[in-house]
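A.B. asks: Pasting the sequence and the predicted model now:
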Protein chains: 2
Amino acid sequence: MTLSARVPFVVPSFRLPRWVAGFLESRIGGRRLRSQEMRMELAIALARENGRRGSGGPFGAAVFERDTGRLVAVGVNVVVASGLSLAHAEMLALSFAQRARGHFDLGDPASPVHELVSSSEPCAMCFGAIPWSGVRRLVCGARARDAQAIGFDEGPKPARWVAALERRGIAVVRDVHRPEARAALRDYAGPLY
Amino acid sequence: MTLSARVPFVVPSFRLPRWVAGFLESRIGGRRLRSQEMRMELAIALARENGRRGSGGPFGAAVFERDTGRLVAVGVNVVVASGLSLAHAEMLALSFAQRARGHFDLGDPASPVHELVSSSEPCAMCFGAIPWSGVRRLVCGARARDAQAIGFDEGPKPARWVAALERRGIAVVRDVHRPEARAALRDYAGPLY
């Protein structure tokens, strides 16, 4: 057996669950979501639906054009389904947005300003991915400790992670619809928590 | 135009450059790489070749079975070619290894212990990805400041990142063939640095 038969060249890829397209169509159709609250409602709804359908953990994210509210891409957690530990909601939303724009840098000056809206604060990996993505704003619903309270691990994130992003020109808005975002986590966890 | 026509469902995927299969075949064939130094030589060679061929930045990584030296997967930086900012060498190596094992957790007790060998210390994103991957050891060549010295950014990584991994049961070995790893970076950067 040759080495190349043993070392995998299967291409890692990740796809959104089948329900996502219809869900987006019925939920927002062609509307632009002009407020941070409306955008967060979508991220939380994706998180809830992903957990409810069993397609992954209760986490949802979306990339928008910051100034128009045009939806560019969404993501949900598909770690188990994809078999890839990187397949967090934020990583999918950023990657789908980059594919939509045809470039790895969403901060390219020729394109609109992009923001990432996430139903929970990012874990250490997703936090570290944000500066490379080119988004200029991060909007979070639940706090990391809300996810920790139901058993999820945020990883070894710097204590001053918000300041670290802001120093790089990435605005951070926290606690948008936090009660609703936390409720989505708690409802997923069930009555034991 | 429907929403699903506008929100991308193109599947993000990333592939290794075409030269990698032949390179591995000619360089190591079926050998097991029993020492950390031999494993690092492969990671550095991948980094050099990736830069030399223009397929991406001068970074290489590989996942091995820690105790046997069996090569499981490799990665190189393909950010520009893939159009995905997550496509760092370590992320590819971990994802290919997970595809090879058929599971998102390389730390599954039923499988051999895995380690990640990287030509340079991980950036903030790859650092954050390591705990989710299931590898039990990280072996690094160049220091982050060696990559910074030629203009690469490591991102907002915690100051005590080695201790943070070790607290999670992931051993960290640094400076393996550091001079050779640093030379690969400097040769890529050229005489201006």
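C.D. replies: Everything's here; your move.
A.B. asks: And the pLDDT at residue A:6?
C.D. replies: At residue A:6, the pLDDT value in this model is 60.
A.B. asks: brain fart, residue A:111
C.D. replies: 90.
A.B. asks: dump the residue contacts of it.
C.D. replies: By C-beta atoms under 8 Å, 6 or more residues apart in numbering or on different chains, residue A:111 lies in contact with A:101, A:103. Heads up, the C-betas are built off the backbone N, CA and C, glycines and all.
A.B. asks: Could you grab the helix/strand/coil label for it?
C.D. replies: coil (DSSP: H, G, I helix; E, B strand; the rest coil).
A.B. asks: What of residue A:100?
C.D. replies: What three-state DSSP gives for residue A:100 is helix.
A.B. asks: Verify the stated contact: it with residue A:73.
C.D. replies: Yes. The criterion here is C-beta atoms under 8 Å, and residue A:100 meets it with residue A:73 at 5.6 Å.
A.B. asks: Look at those two and report which has more neighbours.
C.D. replies: residue A:73 (28 against 17; other C-beta atoms under 10 Å in any protein chain shown).
A.B. asks: Please report how far the more buried one lies from residue A:16.
C.D. replies: 9 Å (C-beta to C-beta, to the nearest Å).
A.B. asks: what touches both of those two?
C.D. replies: In contact with both residue A:73 and residue A:16: residue A:96, using C-beta under 8 Å, 6+ apart.
A.B. asks: for chain A, longest helix please?
C.D. replies: Secondary structure of chain A per DSSP state H: the longest helix is helix A:36-53.
A.B. asks: May I see the buried residues of it?
C.D. replies: Neighbour counts over helix A:36-53 (16 or more other C-beta atoms under 10 Å in any protein chain shown) mark A:36, A:38-51 as buried.
A.B. asks: Likewise for stretch A:59-72?
C.D. replies: So stretch A:59-72, judged by 16+ other C-beta under 10 Å, has buried residues A:59-66, A:69-72.
A.B. asks: can you check stretch A:132-151 too?
C.D. replies: In stretch A:132-151, counting by 16+ other C-beta under 10 Å, buried: A:132-144, A:146-147, A:150.
A.B. asks: Near chain B, list only the ones from those.
C.D. replies: Applying C-beta under 8 Å from any C-beta of the partner chain to the buried residues of stretch A:132-151, one finds that A:132-134 fall near chain B.
A.B. asks: Could you provide the residues you listed in a markdown table, with additional columns for pLDDT?
C.D. replies: What follows is these, written out as a markdown table (pLDDT from 0 to 100):
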| residue | pLDDT |
| --- | --- |
| A:132 | 98 |
| A:133 | 98 |
| A:134 | 98 |
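A.B. asks: contacting residues for the nearest residue to residue A:108 once chain neighbours are set aside?
C.D. replies: Closest residue in space to residue A:108, ignoring its immediate chain neighbours: residue A:134 at 6.7 Å, by C-beta to C-beta, 6 or more residues apart in numbering or on different chains. Each residue near residue A:134 by C-beta under 8 Å, 6+ apart is listed here: A:104-108, A:114, B:85.
A.B. asks: Can you pull out the low-pLDDT segments for chain A?
C.D. replies: A:1-10, A:192-193 (pLDDT under 70).
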